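Asks: heads up, no residue letters with this:
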Ligand SMILES: NC(=O)c1ccc[n+]([C@@H]2O[C@H](COP(=O)([O-])OP(=O)(O)OC[C@H]3O[C@@H](n4cnc5c(N)ncnc54)[C@H](OP(=O)(O)O)[C@@H]3O)[C@@H](O)[C@H]2O)c1
């Protein structure tokens with residue numbers, strides 16, 4: 001046993017979503033702190049991101065064809081897990097009897113996937129889940145900021161897309177959480193990167209290091225890419241395929257059920273869900289620590305302003321929007 005569980009249970013604040021709807025359905029409530037089981041740690045959260053996934057679930061705004069399936073998964077008439085949030089960075093405050101990987105006082109960060117629950121002052125998570133020690137040189141905000149977009153971009157570009165030196169890659173919708181990481185990671189993996197974004201965002205995206213930046217309302221180049229990653233949900237399968245070389249791959253991360261089903265039989269199409277993996281999180285943190293990956297945190301809101309953070313994400317963002325506890 002490397003830590004001790006405290007006998008008293010204190011209250012904590014958590015952002016609750018008790019019905020689907022606009023940002024105003026998010027309310028901060030006082031609830032009991034969770035208690036770690038034998039293989040779990042209790043984390044005092046310092047930073048968490050409000051992601052595209054959070055606002056999708058809050059608003060029940062699911063990709064085409066997923067409405068019923070998503071409601072079955074997340075709750076039919078209201079979210080089953082009332083506390084949203086899937087990334088966190090914080091400090092271990094207590095550890096269960098069988099925890100060997102972490103100690104009280106460790107700075108840790110991680111992801112909770114569909115379990116969510118990080119828009120709260122405290123979280124319990126098994127040491128075996130997607131949680132790792134955070135390098136001291138990486139701030140809580142950068143750790144919480146990089147995880148959602150970074151793990152998604154890494155999985156689709158490296159693990160699924162297997163991009164490498166000299167390949168031509170198009171990131172379509174380059175300014176968001178996934179896009180801003182994808183541009184930098186594709187460059188880091190040696191690819192020649194074209195970043196497509198809306199007209200007002202071209203300067204911002206150029207600073208991420210793309211070889212070429214295009215306004216996607218004007219881009220017409222076809223048949224040139226080894227991989228196209230669309231984060232915007234606005235590229236159809238036929239539009240995306242027209243941009244590819246004959247053996248190229250099209251990744252539609254915001255695609256609907258028709259695209260997902262088609263990806264099962266169409267080898268050029270990748271339509272999948274990015275998993276949360278300890279090793280990918282640790283790899284991303286090492287890139288942030290060595291300054292090979294820049295984390296773009298557009299705005300940091302005090303936890304009390306969680307409604308404003310949801311409004312911001314609804315209205316469109318560059319990079320990440322964070323909560324600070
Ligand atoms: N399949 C998976 O495993 C997976 C994982 C993570 C995310 N996703 C999905 O992928 C999509 C992108 O995620 P994300 O975290 O990158 O989301 P995000 O940060 O909200 O960015 C999404 C898009 O917002 C656009 N955008 C920027 N300003 C905007 C505005 N004012 N109005 C409308 N759009 C604006 C960006 O395109 P521009 O560059 O053109 O501005 C970007 O493509 C989401 O639909 C998310 O649900 C899927």
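Replies: Nice, thanks for sending it over. All figures in this text were calculated on a predicted structure; none of them were measured in a lab. Numbering: from 1, shown residues only.

Asks: Pull the contacting residues for the closest residue to the ligand within the stretch 201-325 of the chain.
Replies: Across the stretch 201-325 of the chain, the shortest distance to the ligand (CB to the nearest ligand atom) belongs to residue 316, at 2.2 Å. Just so you know, the C-beta spots here come from the backbone N, C-alpha and C atoms, and that holds for glycine as well. Going by CB atoms under 8 Å, 6 or more residues apart in numbering, residue 316 touches no other residue.

Asks: separation between it and residue 267?
Replies: Going from residue 316 to residue 267 by CB to CB, to the nearest Å gives 33 Å.

Asks: what's the answer for residue 240, then?
Replies: Counting by CB to CB, the gap from residue 240 to residue 267 is 14 Å.

Asks: Show me which of the two is the more surrounded one.
Replies: Ranked by neighbour count (other CB atoms under 10 Å), residue 240 and residue 267 place residue 240 first, with 24 against 9.

Asks: What helix or strand is that one located in?
Replies: helix 237-242 (DSSP states H and E).

Asks: Tell me which other helices or strands that helix touches.
Replies: Other elements packing on helix 237-242 under the criterion 3 or more CB pairs under 8 Å, 6 or more residues apart in numbering; DSSP states H and E are strand 244-252.

Asks: isn't residue 320 right up against residue 294?
Replies: No. In this structure, residue 320 is not within contact of residue 294 by CB atoms under 8 Å, at 11.5 Å.

Asks: Looking at these two, which one has more neighbours?
Replies: Using other CB under 10 Å, the more surrounded residue of residue 320 and residue 294 is residue 320, with 30 against 16.

Asks: Excluding chain neighbours, what is closest to that one?
Replies: Once flanking residues are discounted, residue 320 sits nearest to residue 145: 4.1 Å by CB to CB, 6 or more residues apart in numbering.

Asks: Counting neighbours, what do you get for that neighbour?
Replies: Neighbour tally, residue 145, other CB under 10 Å: 30.

Asks: Distance check, residue 175 against the ligand.
Replies: 3 Å (CB to the nearest ligand atom, to the nearest Å).

Asks: again, but for residue 99
Replies: Distance from residue 99 to the ligand, by CB to the nearest ligand atom: 29 Å.

Asks: Find the helix or strand that that residue is a member of.
Replies: Per DSSP H and E, there is no helix or strand for residue 99.

Asks: same check, this time on residue 144
Replies: Per DSSP H and E: residue 144 is located in helix 140-154.

Asks: Tell me the strands beside the helix or strand immediately after that helix in the chain, with direction?
Replies: Using DSSP H and E, the helix or strand that follows helix 140-154 in sequence is strand 168-172. When pairs are called by DSSP bridges, strand 168-172 turns out to pair with strand 192-197 (parallel), strand 225-230 (parallel).

Asks: So which other helices or strands are in contact with the next helix or strand after strand 168-172?
Replies: Following strand 168-172 in sequence order, the next helix or strand is helix 177-188 (DSSP H and E). In terms of contacts (3+ CB pairs under 8 Å, 6+ apart), helix 177-188 is packed against helix 140-154, strand 168-172, strand 192-197, helix 202-206.

Asks: of all those, which gets the most neighbours per residue?
Replies: Sort the helices and strands packed on helix 177-188 by mean neighbour count, taking mean count of other CB atoms under 10 Å, and strand 168-172 sits at the top with a mean of 29.

Asks: which residues touch that one?
Replies: Under CB under 8 Å, 6+ apart, the answer for strand 168-172 is 157, 163, 179, 182-183, 186, 191-196, 210, 216, 224-232, 235, 240, 243, 245.

Asks: Now do the contacts for whichever residue of the stretch 1-150 of the chain sits closest to the ligand.
Replies: Closest residue of the stretch 1-150 of the chain to the ligand, CB to the nearest ligand atom: residue 52 (3.5 Å). By CB under 8 Å, 6+ apart, residue 52 lies in contact with 148, 176-177, 313.
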